[in-house]
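[1] Have a look at this prediction, sequence included:
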Amino acid sequence: TKPTAMQANRLVAGFALGSMLLSAPMAAFNTVLIPQTVSRLSGINRVTDLAMLVIAGAIMTFLLNACIAVGSDHSYCRFGRRTPWIVSGSVLAAICMAILSACDFLPWAVFFWLATQAAYAMAAIPFAAAFGERIPDKFRSRADAYRGIGLTVGQLLGAVVAVLLIRTPSVAIRLCAACFVVAAVVVVLVLPRERSSVELRSRAIERHEFFSHYQMPKGAPNFVRVLVARLVMTAGVSLTGVFLWYIVLYAVNGGDVDAAVPVMAAVAVASFVGGLIATLVLGPVADHWEDGRIPSVLACGLYIVGLAVPCVAPS
């Protein structure tokens, strides 16, 4: 259906707020809270244990993506296909985070962190699908820009709050849980109500629907090159992002938390500024070159410079 002007504004605001509220707690955890929790419970094996935790989470999310996407596509209820998944995933993530805040045993902390990631996927994947389905082409670019800003602001707020509350991590984790609850409320109250999916023609889930998510597209020889390029690019970004708190705390400040807090807060602000600039210039830059490889190569070059400068001139 064609949304009214008020519904269009609610869609833009709802997806922007939802992106902010879903990204903030995950940014807080990924940047500071999980590395610090692993460090507190693991001790000298913190680096290896954090790496194993990230690997386990990545594999689990990779396998769950198809299950959640297919399950959401085949949801038939009066609240729609996406809304029940977003609300239940957000609430479940909040519960898992609240339990995680009280864990003093590393295996239990790992278990509830993986459960949190699964719950987050339950909310995030249908949320992304809902954006594609409900935003008309006429104002998709405006909605996408505001969603990008919400995502960037959420990452900044999550990282900064986690750093400032690093002395009381249980409080920070409970705030993250509250963010997920508010995200569920936003989906219900701010976004226009999703139409019932009961009247949709129900059909059985077929096996190929799961496997199609992991199949290489046929007749697209360049896809493998893009896949490999994105694989190594993501690996490079993850190597810095996953261990950033350890780099700032132990390599730069010798384990002094009080000295690391302002540095990490500055890093979070720098990430916000960089992400905001990227959101604003991405469109004009992409329009300037017909060949998308050129800005991609230039961006990789800038990333290499950013990694090389502190190595050449430590500060």
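    Thanks, I have it.
[2] So what's the gap between whatever helix or strand residue 234 lives in and the chain middle?
    Per DSSP states H and E: residue 234 is located in helix 222-242. On the basis of CA atoms, centre = their mean, to the nearest Å, helix 222-242 sits 16 Å off its chain's mean C-alpha point.
[3] How about stretch 183-190?
    That offset, for stretch 183-190, works out to 18 Å (CA atoms, centre = their mean).
[4] buried stuff in that stretch?
    183-184, 186-187 (16 or more other CB atoms under 10 Å). All C-beta spots, glycine's among them, are computed from the backbone N, C-alpha and C.
[5] And stretch 118-129, by the same measure?
    118-127, 129.
[6] contacts for the helix holding residue 234?
    For helix 222-242, contacts defined as CB atoms under 8 Å, 6 or more residues apart in numbering pick out 30-31, 35, 50-51, 54, 216-217, 247, 296, 300, 303, 307.
[7] Let me see the mean pLDDT of the longest helix seen in the chain.
    The residue-count maximum for a helix in the chain (DSSP state H) belongs to helix 257-288. Helix 257-288 shows a mean pLDDT of 84.
[8] got the angle between the helix or strand following that helix and helix 222-242?
    Per DSSP H and E, the first helix or strand lying C-terminal to helix 257-288 is helix 293-312. If you take axes from the mean of the first three to the mean of the last three CA atoms, to 10 degrees, helix 293-312 sits at 30 degrees to helix 222-242.
[9] what's helix 293-312 packed up against?
    helix 222-242, helix 257-288 (3 or more CB pairs under 8 Å, 6 or more residues apart in numbering; DSSP states H and E).
[10] how about that helix: buried residues?
    Across helix 293-312, burial judged by 16+ other CB under 10 Å covers no residue at all.
[11] Kindly report the same for stretch 278-298.
    Buried residues in stretch 278-298 (16+ other CB under 10 Å): residue 279.
[12] and if you look at stretch 189-196?
    Neighbour-count burial for stretch 189-196 [16+ other CB under 10 Å]: 191-192, 194.
[13] Please produce CSV containing the residues you listed, extended by pLDDT.
    Converted to CSV, the buried residues of stretch 189-196 look like this (pLDDT from 0 to 100):
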residue, pLDDT
191, 83
192, 79
194, 72
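[14] of all those residues, which comes closest to residue 175?
    Distance to residue 175, by CB to CB, is smallest for residue 191 among those, at 23.3 Å.
[15] give the contact list for that closest one.
    Contacts of residue 191 (CB under 8 Å, 6+ apart): 10-11, 14-15, 18, 134.
[16] so which of those residues is the most crowded?
    residue 18 (28 neighbours; other CB atoms under 10 Å).
[17] Quickly find the element holding it.
    Per DSSP H and E: helix 5-28 holds residue 18.
[18] Hey, what's the angle from that helix to helix 257-288? Just curious.
    Going by the same axes, to 10 degrees, helix 5-28 makes 140 degrees with helix 257-288.
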